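1. Here's my sequence, what's the structure:
(4 chains)
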Number of protein chains: 2
Amino acid sequence: MTTTDATDTLSVRRRGPSMADVAREANVSGQTVSRVSNGRSNVDADTRERVLAAMRKLGYRPNSAARALRSGRFHSIGVIMFTLSSFGNMRTLDAIAGAATDAGYSITLIPVPHPTQGEVSVAFDRLSEEAVDGVIIVVEAHLLDENDVVLPAGLPVVVVDSTAGGRYPMVDTDQAHGARLATEHLLGLGHRTVRHIAGPERSYSATHRREAWEATLREHGADVPPVLVGDWSSESGHELGLELARDPDVTAIFAANDQMALGVLRAMHEAGRAVPGEVSVVGFDDMEESRSFWPPLTTVRQFFGEVGRRSVEELLHEVETGERGGRTLVATELIIRDSTARPSA
Amino acid sequence: MTTTDATDTLSVRRRGPSMADVAREANVSGQTVSRVSNGRSNVDADTRERVLAAMRKLGYRPNSAARALRSGRFHSIGVIMFTLSSFGNMRTLDAIAGAATDAGYSITLIPVPHPTQGEVSVAFDRLSEEAVDGVIIVVEAHLLDENDVVLPAGLPVVVVDSTAGGRYPMVDTDQAHGARLATEHLLGLGHRTVRHIAGPERSYSATHRREAWEATLREHGADVPPVLVGDWSSESGHELGLELARDPDVTAIFAANDQMALGVLRAMHEAGRAVPGEVSVVGFDDMEESRSFWPPLTTVRQFFGEVGRRSVEELLHEVETGERGGRTLVATELIIRDSTARPSA
DNA sequence: CGCTGGCATGTTCACGTCAACATGCTGAGC
DNA sequence: GCTCAGCATGTTGACGTGAACATGCCAGCG
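-> Now for the predicted structure:
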């Protein structure tokens, strides 16, 4: 019965059945198989059934490479991202993946092992092979600016949480708004001023949060104390927190992310300074665990899901219509828990 | 000068230059361009330079779809994963991405929005389109077993942290070993027995940890108290922790992950039970933040990176040679910090 | 009864690449 | 001077798909 016994030889037969095979089996033309495969309506019910049966029998799977070659569309979007370590990136990626899937696109991850310039170039080199319809970049700004990394011309790009010199459409959490929320909350409670533990100097989001914190203090006529600079890790928050714990004047701390806030909490416990009794602490991100910190952390919630969804939306709009988007800001929300209170004085 | 002014019309010209365009520009045949593109040695230095110049001038990028069609290889591996929410999954994904990139493969994410059977099928449907050379599945076991989800025949698969009925090669953290380490550590400190907060009933890793905890207690002649069942979240750890805090006999708790351990810590603080003074707590995972919990958490470290790397290794081995792997176990390590101590009695 | 329109189905060809098979040239060896 | 090896380069065709363009059939209508 079988027509291709030669297949049974030891030589690994990699290729699966093609349309032609299905067509032969169902006694129709390849084009009819194509129509069934794509759910076209103009196929007789009987014929369709016969074709579907043949597909099932042979285990036919459409070859996406051939489709992409034919149509010029890959139905895939690339995501360039640093080691997925960070909580926010994860959540963003998750949302991107979900939104892309819903839109019928798959996600190709393009990881950047280390955030050094050389490595970033490597990631972009991967793009030199045409394989995605567009790219979402989730990488710190300065790495894009300093590298004269040239993205393939005409490749739609959306940048998340970064500036990229304004060259591309971007989607971003409203960092400034969030930092303002946090600072005003503490000021509103009666604290004379607010200390800030910032993220790394060259980070886009860290910079925006720091600037907004400073601006808010000025607007309210509060002192602007020196910034402490961490590296996003809870370790750095802990170290800097110990430093702040030594200063009795410190009553309010705004950490640029929840991890550093966690480190601050630990430092305060170690130093015997009560939170929120003596010192109030606010974070940024609202990660899953923040509600279970001790005490549960007051923090600025970022809507990573929204950021991811919007960036896919923007990108696919450009992919499908050619129109470039502008800048999209996603709001934040202050989540008040138990790590903040009026100063005891 | 330009030959294709028609391109400038409004109609979006999606396709980039092809080999033929480069060939024309460099005055060589397409085959020569192909040879240069693939770094073959048998090309005259001058010619090569001319071709490279033409490529640069036109912004040529090889079309991966055409390559895949021609070669039958996609140089891409699919990763099926639940919402990337969990810390461990992220880290695993990160390692998978890194290892795949190093091997010249790209990663196609196939997210499963919700861990219900229907959704899993959807994810597998995506695979019905031929587009990856192999698949790594990071999904809880029972969802694979209960669905008669049939993977395309002949598609290499590696399963991570799951059983999948033993149908496929797997790479897994040695859950049992880790749970044993944790339990023996607490027993060794002098605790009479150890309470366990497990992950969800049907989770593969949760089950293995629970079983090993129980077995270890028995081996040491300790009481086997009832298990509490959480859902991996710090919230559930908190709730169950409050329950345990009420029982003065409880002196040692082994939580099945760090998040739940965090919830337990919070519960103990709220209940005024000192950690580790009155109650010792051990987690599982060693997430980045665990060292900054209050107190810093004693926990079982999982080597997610190793798991990811190994699974890629296994998969690519099968992709390239056709040989199926077996089962790979990755060891764990106990990280002792400040949340455990001898019982005060 | 012949004409037309609508529908199911078939045929042809190009998408971009690269393996396999020419071709043509240079120079070493006899 | 002739042969032939060795190398650079060219030509042809096929990978699997689907758009564009046939073809052929039947119903409806004047």
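2. near DNA strand C, which residues of the stretch 51-200 of chain A?
-> Within the stretch 51-200 of chain A, the positions adjacent to DNA strand C are A:Ala66, A:Leu69, A:Arg70, A:Gly72 by C-beta under 7 Å from any atom of the strand. In short, each C-beta sits where N, CA and C put it, glycine included.
3. Try it again at 6 Å.
-> Residues of the stretch 51-200 of chain A lying close to DNA strand C (C-beta under 6 Å from any atom of the strand) are A:Leu69, A:Arg70.
4. residue boundaries of the strands in the stretch 51-200 of chain A?
-> Along the stretch 51-200 of chain A, counting by DSSP state E, counting those that start in this stretch, strands occupy A:76-82, A:106-112, A:134-138, A:157-160, A:170-173, A:195-198.
5. Quick one: list the elements packing against the first one.
-> Which is strand A:76-82. Here strand A:76-82 touches helix A:87-102, strand A:106-112, helix A:117-126, strand A:134-138, helix A:304-321, going by 3 or more C-beta pairs under 8 Å, 6 or more residues apart in numbering or on different chains; DSSP states H and E.
6. again, but for the third one
-> Applying 3+ C-beta pairs under 8 Å, 6+ apart, one finds that strand A:134-138 makes contact with strand A:76-82, helix A:87-102, strand A:157-160, helix A:304-321.
7. Equivalent analysis for the second one, please.
-> Other helices and strands packing on strand A:106-112, by 3+ C-beta pairs under 8 Å, 6+ apart, are strand A:76-82, helix A:87-102, helix A:117-126, helix B:87-102, strand B:106-112.
8. could I get those as JSON lines with mean neighbour count and mean pLDDT?
-> Putting those into JSON lines (neighbours: other C-beta atoms under 10 Å in any protein chain shown; pLDDT from 0 to 100) gives the following:
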{"stretch": "strand A:76-82", "mean neighbour count": "24", "mean pLDDT": "89"}
{"stretch": "helix A:87-102", "mean neighbour count": "23", "mean pLDDT": "89"}
{"stretch": "helix A:117-126", "mean neighbour count": "16", "mean pLDDT": "64"}
{"stretch": "helix B:87-102", "mean neighbour count": "23", "mean pLDDT": "89"}
{"stretch": "strand B:106-112", "mean neighbour count": "24", "mean pLDDT": "87"}
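9. which stretch among those comes nearest DNA strand D?
-> strand A:76-82 (15.0 Å; C-beta to the nearest atom of the strand).
10. of all the helices and strands packed on strand A:134-138, which lies closest to B:Arg192?
-> helix A:87-102 (37.9 Å; C-beta to C-beta).
11. got the CA positions of that closest one in PDB?
-> Taking C-alpha atoms only, helix A:87-102 is exported to PDB below (Å, rounded to 0.1, in the frame of the first residue of the first chain):
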ATOM      1  CA  PHE A  87      10.800  41.000  37.800                       C
ATOM      2  CA  GLY A  88       9.500  43.800  35.600                       C
ATOM      3  CA  ASN A  89      11.100  42.400  32.400                       C
ATOM      4  CA  MET A  90       9.500  39.100  33.100                       C
ATOM      5  CA  ARG A  91       6.100  40.400  33.600                       C
ATOM      6  CA  THR A  92       6.500  42.500  30.500                       C
ATOM      7  CA  LEU A  93       7.700  39.600  28.500                       C
ATOM      8  CA  ASP A  94       4.800  37.500  29.700                       C
ATOM      9  CA  ALA A  95       2.300  40.100  28.600                       C
ATOM     10  CA  ILE A  96       4.100  40.500  25.200                       C
ATOM     11  CA  ALA A  97       4.000  36.800  24.700                       C
ATOM     12  CA  GLY A  98       0.300  36.700  25.500                       C
ATOM     13  CA  ALA A  99      -0.700  39.600  23.300                       C
ATOM     14  CA  ALA A 100       1.400  38.300  20.400                       C
ATOM     15  CA  THR A 101      -0.100  34.900  20.700                       C
ATOM     16  CA  ASP A 102      -3.600  36.300  20.700                       C
END
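12. who touches that helix?
-> The contact list for helix A:87-102, computed with C-beta atoms under 8 Å, 6 or more residues apart in numbering or on different chains, reads A:77, A:79, A:81-82, A:84, A:106-107, A:136, A:138, A:160-161, A:257-259, A:285, A:287, A:302, A:304-309, A:311-313, B:83-85, B:90, B:109-111, B:113, B:126.
13. what's the answer for stretch A:231-242, then?
-> Contact with stretch A:231-242 is made by A:86, A:197, A:199-200, A:203, A:206, A:228, A:230, A:253, A:255-257, A:259-268, A:270-271, B:288-289, B:291-292, as judged by C-beta under 8 Å, 6+ apart.
14. What subset of the residues you listed is buried?
-> A:86, A:197, A:199-200, A:203, A:206, A:228, A:230, A:253, A:255-257, A:259-268, B:288-289, B:291-292 (16 or more other C-beta atoms under 10 Å in any protein chain shown).
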